[in-house]
Structures are given as structure tokens and as C-alpha cells.
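Asker: Would you be able to build a 3D model of this:
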Amino acid sequence: MSRRIILVRHAMPDIPLGERWCVGGRSDFPLGRLGRIQAARLPFIEELKGVQAVFASPLVRAIETARPLCDAPRIMPGLEEQDMGVWDGLSFREIMARYPELYAARESDPSLLPDGAESDEEVAGRMYEAIRRCLSESEGNIALVSHKGSIAVITGQRSKLGYTSLTVLEEEDGALRVRDVGLSPRPDITDELCLAMLSASGANEALIAHCRAVAALADELGTGLIEKGIALDSKAVHAAALLHDIAKGERDHAVIGGLWLRELGLPQLAEIVRQHTEPDGDALNEAGLVFLADKLVRGATRVGLEERFGESLKKCKTPEARAAHARRLALARSLKEKIDRLTGAEGIE
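Answerer: You can find the predicted model right below:
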């Protein structure tokens, strides 16, 4: 009887932005906010629902990725990332400055290694040994959270291994075979998944209640428009409304939230979330609907536009901020007037 071993590359660690880093077996970064959101999606992926045991490399970014799948993943030495010796933990800018000859030579011969680094053969040896220990200590199909370089040594296909990608091995009669490399499955966008993503991003109960309230109002507005013949993707409206504040707390949180969702393979939701603080126009589309619903909810309570914008005006301390506030109020008024004319809506100020 064959068994499946699903190698999961860890989620995105909290690496300083703006540079590329050599993050190997000596570098122990935790997950960042986007990484925690990526990891929160793993239990919703069909390929991982049937695993009987979850193992993780000893590095914190792998352990944190595994926890949504299993509260207490088993730590398995041997699954960690390739040790890159004296380069490990340095930015590539530093590496190029300190080791210019070796850096240039590795472009044509990747087998050349910095001092103290592991060879591919050493990595392959410990990875296969760790996989076999995982198999001997479990039954059925298993998930192993490991790292890009170490998985690539087994598959020979480094470029396919995005964050939280799945590489499937099959064990039968003692032999291991690679079946799939770098799969990036997309779970169905359900309320349960959206709420798991919000929680993973650090959203508190009050923010989650706000997102729920915005989604409920967006659903109502969308239903009224669809009944009048306006073409809308109601599922996208609902999901984007639930996720619109997923990056709350970040500067330009609408833009950052959009970037995160695009990274997660959700371009339609990314565009709606990007525009939820100010849409690109006053069209009656998904982005306009989520924007307006957000502006008609304060906390988890529905309010009128004038009340909501009156409160937010107090925070505008510069001429630029006040001009942006006026522009957004005009868009909200225009969208609401269009909806009122079409649906004869009452009870929403």
C-alpha cells in the first residue's frame, strides 16, 4: 500500500523588506503577517485534509507554518534549510561586497559553496533520512514542513517552490518517488477561511465584527442591484468585504491588503480591497459597493454617510488630507445616490 508524503515549503518569514537575503539553516526568522495568513490557509487545502501526522523542521518559520495544521507538530531534525555557511543570514548586497569572486563564479557553477556550507549531497542524505524517520513514526499520509533549498535538492526544481507550495512524494515498497513539485492549490473562499485569515493577520474581535457588518451590508446592497439588472460578482463582494481590513495597522493598509491578496493568488479580491478606501471611480461595481458599505458602518454599527465622514474629518490635519476626505465623501454620495435611484432603498442614510 502506497503512502503520500507532502512536503510543504514554509510560509513567508519576517525578512526585512527592500533587499534579498540568504536565509539558510542558520537563519531563524519567524513568520511575518503575510506568512501567518498563508499558513492559515493550509488546513483548507484539499490535499492536506487527509494527513495523519504533521512534522516540521526545527526552524521557527517551519514550526509556525505547521501549527494551523496541527497544534503540536512533531519536530524532525534533518528537514531544516540548507546551511549556507558564512553567507547565511546576510543580504545579497553584503555577500556581493564581501565575496565578489565566489558570488560571480556561482552564477555559472552553483556547486561552488561558501565556507561552512552544506553540499547538495549532504542535504539530500539528511532529508531522505528524516523523511524515512517520519514514515517510521507515523501511519497513512503525512505532511512535512520544510524549506525551499532542501526540497529543491530532492526535486531539482527550485524555481517552482513558492511559499506554502506542496511537493508530493509517494512511498511504495520502500521506494520514494517524486509525483508533483511546487503545487499551489487555491482553497475555496468560504467565510470560515476568510475569518481564519483575518485572525491570522492579527485582527481583534472588534475588527472582525466590523468586517462582518460591512460584508452583511454589502450583501444587501448587492442583492438589490442584482435584482435591478446590475451585473455583480456577489461572492467576490462578500469575500472582499470580509477581508477589506486584513492589513489594518499597516501604512496604506488598503494597498498592502491588495498586495497580500494578489500574492495569495486572489487578483479579483485584491483589486476590490485595494480600492476600499477610495475606488477608482463611482461605477456601480464590486469595488464601489465594498467602499460604500465600509463608509456606512462604524465599528459594527450602520451609520449615515454624514455622521461617518463627520467623524473622520476630525482626523484630517493637513490640506491634502482634507482634500482626500472631500473626494471620498463625493464618491460615496454619488454611489449612494445611484443605488437609491435604482433600488428605492430606504433606511440607509
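Asker: Please enumerate the helices of the stretch 51-200 of the chain.
Answerer: 60-66, 92-98, 100-106, 120-136, 148-155, 191-200 (DSSP state H, counting those that start in this stretch).
Asker: relative orientation of the fourth one and helix 148-155 in degrees?
Answerer: Using axes from the mean of the first three to the mean of the last three C-alpha atoms, to 10 degrees, the inter-axis angle of helix 120-136 relative to helix 148-155 is 90 degrees.
Asker: Leu261 versus the residue most central in space within the chain, what's the distance?
Answerer: The chain has Gln38 as the residue nearest its centroid, 3.7 Å off, counting by C-alpha atoms, centre = their mean. Distance, Gln38 to Leu261, using C-beta to C-beta, to the nearest Å: 11 Å. Just so you know, the C-beta spots here come from the backbone N, C-alpha and C atoms, and that holds for glycine as well.
Asker: same deal with Gly288?
Answerer: Where Leu261 is concerned, Gly288 sits at a distance of 18 Å (C-beta to C-beta).
Asker: So the residue nearest to the centre of the chain is in contact with Ser165, correct?
Answerer: No. Contact between Gln38 and Ser165 fails when scored by C-beta atoms under 8 Å: they sit 10.3 Å apart.
Asker: so how far is the longest helix seen in the chain from its chain's centroid?
Answerer: In the chain, with assignment by DSSP state H, the single longest helix is helix 319-343. Remark: helix 319-343 is offset 31 Å from the chain centroid, using C-alpha atoms, centre = their mean, to the nearest Å.
Asker: Check His325 and give its pLDDT.
Answerer: As predicted, His325 sits at a pLDDT of 86.
Asker: burial of it, as a residue count?
Answerer: 15 (other C-beta atoms under 10 Å).
Asker: And for Ser111?
Answerer: Ser111, neighbours per other C-beta under 10 Å, totals 8.
Asker: Could you pull up the contacting residues of it?
Answerer: Residues in contact with Ser111 (C-beta atoms under 8 Å, 6 or more residues apart in numbering) are 119-120.
Asker: pLDDT value on Ala321, please?
Answerer: 82.
Asker: How is the closest residue to it other than its chain neighbours assigned, secondary-structure-wise?
Answerer: Excluding its sequence neighbours, the residue lying closest to Ala321 (C-beta to C-beta, 6 or more residues apart in numbering) is Lys315, at 7.7 Å. Secondary structure state of Lys315, per DSSP: H, G, I helix; E, B strand; the rest coil, is coil.
Asker: what about the stretch 101-250 of the chain, any weak spots by pLDDT?
Answerer: The model of the stretch 101-250 of the chain has no residue with pLDDT under 70.
Asker: how about the strands in it?
Answerer: 142-146, 166-172, 175-183 (DSSP state E, counting those that start in this stretch).
Asker: Of these, which stretch is the most buried?
Answerer: Highest mean neighbour count among the strands of the stretch 101-250 of the chain (mean count of other C-beta atoms under 10 Å): strand 142-146, with a mean of 27.
Asker: Packing partners of that strand?
Answerer: Helices and strands touching strand 142-146, by 3 or more C-beta pairs under 8 Å, 6 or more residues apart in numbering; DSSP states H and E, are strand 3-9, strand 53-56, helix 60-66, helix 120-136.
Asker: Glu311 - how many residues pack around it?
Answerer: Glu311: 11 neighbours (other C-beta under 10 Å).
Asker: Then the one 3 residues further on?
Answerer: The tally of other residues near Lys314 (other C-beta under 10 Å) stands at 7.
Asker: gap between it and Ala321?
Answerer: 11 Å.
Asker: Ok, Leu135 next?
Answerer: The value you get for Leu135 to Ala321, if C-beta to C-beta is used, is 59 Å.
Asker: neighbour-wise, which of those two wins?
Answerer: Applying other C-beta under 10 Å to Leu135 and Ala321 shows that Leu135 carries more neighbours, namely 19 against 13.
Asker: residues in contact with the more buried one?
Answerer: 3, 5, 142, 171.
Asker: Widest-spaced pair of the residues you listed?
Answerer: Farthest apart among these by C-beta to C-beta are Ile142 and Glu171. That separation is 9.6 Å.
Asker: so what sits against both of the two?
Answerer: Joint contacts of Ile142 and Glu171 (C-beta under 8 Å, 6+ apart) are 3-5, 135.
Asker: Out of those, which comes closest to Glu107?
Answerer: Closest approach to Glu107 among the shared contacts of Ile142 and Glu171 (C-beta to C-beta): Ile5, at 32.9 Å.
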